[in-house]
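A.B. asks: sequence and predicted structure below; questions after.
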Amino acid sequence: MKEDRIINALGQVKDEFILEAAPKAGREKRHAFRGLAAALAIVLLGALFFQTAPGAAAAEYVAEKVSSLIQTLFPPKEMSVIVEGTEVEGQYAAVGQEPEADETGGEAVPGFAIYIDTESYTMTEENGVTLIRPINFSPDLPTCGMDIVHLPDITPQQAAEAAKAEIPSDWEISETKNWSMPDSLYFSVRSGWAWDSVCKNIFFIPDGQQGVFQATIQYFFEAAEGHGPRLGAMLDTFTLIPAD
């Protein structure tokens with residue numbers, strides 16, 4: 001729980017900090033220990049407070065404010081993209097997932113941030129998958145957008161091979177290639193050459209631990225010069241947030 005992590009953070013007073021806070025001798029030493037005792041008392045009282053009902057409410061309030069960490073570290077900005085041969089400027093804001101502690105005691109899960117065109121796209125999350133979709137889009141057309149999911153305990157090469165195995169046998173599949181991010185891979189697939197044929201670019205980005213983030217950009221053939229470059233420009237802003 002977020003409240004537990006806040007309490008744990010309050011209690012993690014490292015020994016070296018205590019030693020640095022204590023002068024070697026004299027009156028300053030007594031004052032330092034008094035200050036340290038007061039600080040430790042505040043920590044203990046804070047820990048007890050967060051275990052009460054009002055404290056839990058306060059912890060929830062703090063957690064809500066901390067949830068804007070991504071927006072704080074990655075402020076909005078303007079970006080330009082070449083769409084159908086024309087430079088288009090837009091306002092972009094950062095979204096994503098913050099690192100999360102593993103409740104089972106295993107490794108913490110890393111997070112990520114990515115800028116999206118807030119005038120044209122929105123982000124939601126379903127069952128651990130980040131979904132970036134156009135705001136105004138007809139349900140009668142093939143899906144366009146980007147899906148990002150974290151895959152633990154797998155290498156980019158293994159993830160690429162597993163993803164290729166799920167592609168229909170009659171689709172065109174490109175070779176797996178290196179992407180611009182270090183140690184990252186991607187490949188492309190296409191269901192055909194009709195206007196509504198499905199096109200996908202699938203990326204596999206190391207998470208800094210033992211897993212990958214798989215990002216799938218999808219659009220239909222006629223939207224290749226529209227949603228294609230827009231979604232590609234957004235993925236280029238993908239930034240890993242390490243678990244530590």
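C.D. replies: Alright, I've got the coordinates.
A.B. asks: residues contacting Gln210?
C.D. replies: Glu107, Pro152, Asp153, Ile154 (C-beta atoms under 8 Å, 6 or more residues apart in numbering). Bear in mind the C-beta positions are built from the backbone N, C-alpha and C, glycine included.
A.B. asks: are any of those buried, and if so which?
C.D. replies: Glu107, Ile154 (16 or more other C-beta atoms under 10 Å).
A.B. asks: what lines up beside the longest strand seen in the chain in the sheet?
C.D. replies: When the chain is parsed with DSSP state E, its longest strand is strand 86-97. Paired strands of strand 86-97, with direction, are strand 77-83 (antiparallel), strand 111-117 (antiparallel) (DSSP bridges).
A.B. asks: can you name the residues in contact with it?
C.D. replies: Contacts for strand 86-97 (C-beta under 8 Å, 6+ apart): 70-71, 73-82, 111-120, 123, 125, 130, 132, 150, 234, 237, 241.
A.B. asks: where does the prediction get shaky in this protein?
C.D. replies: Residues of the chain that meet the criterion pLDDT under 70 lie in 1-68, 102-106.
A.B. asks: please, where are all the strands along it?
C.D. replies: 77-83, 86-97, 111-117, 121-126, 129-134, 145-151, 172-173, 177-178, 185-190, 198-206, 212-220, 239-241.
A.B. asks: need the ones you listed in TSV with mean neighbour count, can you?
C.D. replies: Supplementary listing: the strands of the chain in TSV, determined by neighbours: other C-beta atoms under 10 Å:
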stretch	mean neighbour count
strand 77-83	13
strand 86-97	16
strand 111-117	22
strand 121-126	14
strand 129-134	18
strand 145-151	19
strand 172-173	14
strand 177-178	11
strand 185-190	18
strand 198-206	22
strand 212-220	23
strand 239-241	17
